[in-house]
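>>> Build me a model:
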Amino acid sequence: MDEQNGGAPADDAFLNGDDSQPAVNVLTQYVKDLSFENPGAPGVYQIAGQPKLDVQFNIGAGQVGDGVHEVVLKIEARAEIEGQVMYLVDLSFAGLFGLRNIPDEHLQPFLLGEAPRILFPFARRVLADAVRDGGFPPLMLEPIDFAQLYLSQANGQAGALGEVVGHA
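Take a look at the predicted model:
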């Protein structure tokens, strides 16, 4: 029993400095690239109606240091109304993840499934704010199950990450 841990059993591996256990840390998150275009202004603000939206996602990952991986969630959104482009927004939102003792067979599923799930709420807010700041209602994307999309792509099924997987 560990007196400092409320009587719970001590984790001997932790107390003895054993670093052989798998560990994941989000080191930082950041906007890597953000572009907002409003090519139809000011005329597009005078058109009433519901815009047609096209939203595309892409995920990239790469090792940038010893045990450090960058995951980039890229979201491209295009809104059109009556044949005119209302806005184009392109966001690359990234995170650095510190990974230790992750088995090789779990590395790619984490980087392409779980890491984007962690990044998505923050990227969603940046995207919504950019669209709102452009003079339009915020683009609020529905939550996305990136792990399921990764599994679908890995199994060769429909719903690859590069296809439209969310609607506003």
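
>>> right, and the secondary structure at residue 56 would be what?
strand (DSSP: H, G, I helix; E, B strand; the rest coil).

>>> That one reaches residue 89, doesn't it?
No: applying C-beta atoms under 8 Å as the test, residue 56 and residue 89 come out as separate, 11.1 Å apart. Just so you know, the C-beta spots here come from the backbone N, C-alpha and C atoms, and that holds for glycine as well.

>>> Common neighbours of these two, please.
Common neighbours of residue 56 and residue 89 are listed as 75, 76, 77 (criterion: C-beta atoms under 8 Å, 6 or more residues apart in numbering).

>>> on that earlier part again, residue 56 and residue 89: which is more packed in?
residue 89 (23 against 16; other C-beta atoms under 10 Å).

>>> Now the more buried one: which helix or strand?
Element membership for residue 89 (DSSP states H and E) is strand 84-100.

>>> Could you work out the end-to-end span of stretch 92-111 for me?
This stretch, stretch 92-111, spans 16 Å end to end (C-alpha to C-alpha, to the nearest Å).

>>> That stretch: which residues count as buried?
92, 93, 94, 95, 96, 97, 99, 102, 110, 111 (16 or more other C-beta atoms under 10 Å).

>>> Break down the protein into its strands, ranges please.
Remark: strands assigned in the chain by DSSP state E are 23-37, 52-65, 68-81, 84-100.

>>> how about a markdown table for these, with distance to residue 120 and mean pLDDT added?
Output for the strands of the chain, formatted as a markdown table (distance: least, C-beta to C-beta, whole Å; pLDDT from 0 to 100):
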| stretch | distance to residue 120 | mean pLDDT |
| --- | --- | --- |
| strand 23-37 | 11 | 95 |
| strand 52-65 | 9 | 95 |
| strand 68-81 | 7 | 96 |
| strand 84-100 | 8 | 96 |
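
>>> follow-up on the earlier one: what two of the buried residues of stretch 92-111 are the furthest from one another?
Pairwise distances across those peak at 24.1 Å for 92 and 102 (criterion: C-beta to C-beta).
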